[in-house]
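>>> Pasting the sequence and the predicted coordinates here, then a few questions.
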Amino acid sequence: MTEQITVETNELSQKREKDIKKHFMTEMQIYLLKKELFALSQMRVIYKYMQFEIHLKKLISVAYDETEKSFYNWEKMVSFFKSKNIEIKKLNNYSDVKDILELNNSIKHSEDLINDRTRNIVEFKNKESVNSRILNTFYERTMDSPKELIRDIAKEIDKDLFEFDETRLDSIIKDFEMRMDSNTKEKFISRLKNN
């Protein structure tokens, strides 16, 4: 669809030069097509973040049996993972996905796409405004980042759920030791051995 609109815009530009009488109508058609291209570029960004958010919520739900509605809030999601000793801010692709989030929110809630939250996006630096070409360049650069971040988070969740090194085992033992009396400890040990 983007290619078709680009072809139409180019054809209209050539037509404009040939027929001065139709100049106004051609200019309006070009303007509307450029607006349509911009809207499509914005929709790609919104859809990319929406898919990331859906996949992340599913991952959390499956791994931790959590159906927390507040995971739409980025900081609450980061805090949730931190409580599981998963520092997602340190994972590869985190900053790209955070940029997608900020741009997504700006598209949905702001008239100006270049603002305090998006100003540091690589493609937006030193720009006064954003067009479909800039949005598409951003999209192309970041398009695999959400999938990669989900993969890395899944690996960290796997470690959290299934890997127990000596330090972690010691921590669990200390925690239970402080909370269990001798009788309960014996029952717990017995059940662990029987399972």
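Good, I have the coordinates.
>>> Show me where the chain has its strands.
Ranges of strands in the chain, per DSSP state E: none exist.
>>> where does this structure have low pLDDT?
15-23, 68, 70 (pLDDT under 70).
>>> residue closest to the middle of it?
Val97 (4.0 Å; C-alpha atoms, centre = their mean).
>>> how about that one, what does it touch?
Val97 makes contact with 49, 52, 142, 145-146, 149 under the criterion C-beta atoms under 8 Å, 6 or more residues apart in numbering. Yep, even glycine has a C-beta here, placed from its N, CA and C like the rest.
>>> for those, which one is nearest Ile60?
Closest approach between those and Ile60, by C-beta to C-beta: Phe52, at 12.5 Å.
>>> so how far is stretch 122-141 off the chain centroid?
In terms of C-alpha atoms, centre = their mean, to the nearest Å, the centre of stretch 122-141 is found 17 Å from the chain centre.
>>> Next, the buried residues of that stretch.
Buried residues in stretch 122-141, counted by 16 or more other C-beta atoms under 10 Å: 123-124, 130, 132, 134-136, 138-139.
>>> repeat for stretch 112-124
So, applying 16+ other C-beta under 10 Å, buried residues of stretch 112-124: 113-114, 117-118, 121, 123-124.
>>> same check, this time on stretch 27-35
29-30, 33.
>>> Extract the CA atoms of it and return them as PDB.
What follows is stretch 27-35 as a C-alpha-only set of coordinates in PDB (Å, rounded to 0.1, in the frame of the first residue of the first chain):
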ATOM      1  CA  GLU A  27      -1.500  19.600  -5.100                       C
ATOM      2  CA  MET A  28      -4.500  18.500  -2.900                       C
ATOM      3  CA  GLN A  29      -4.200  14.900  -4.100                       C
ATOM      4  CA  ILE A  30      -0.500  14.900  -3.300                       C
ATOM      5  CA  TYR A  31      -1.200  16.400   0.100                       C
ATOM      6  CA  LEU A  32      -3.800  13.800   1.000                       C
ATOM      7  CA  LEU A  33      -1.600  10.900  -0.200                       C
ATOM      8  CA  LYS A  34       1.300  12.200   1.900                       C
ATOM      9  CA  LYS A  35      -1.000  12.400   4.900                       C
END
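>>> residues making contact with it?
Here stretch 27-35 has contacts from 5, 8-9, 12-13, 16, 131-132, using C-beta under 8 Å, 6+ apart.
>>> how about the closest residue to Phe81 other than its chain neighbours, what does it touch?
Distance criterion C-beta to C-beta, 6 or more residues apart in numbering; nearest residue to Phe81, sequence neighbours excluded, is Ile88 at 5.0 Å. Ile88 makes contact with 78, 81, 94, 149, 153, 156, according to C-beta under 8 Å, 6+ apart.
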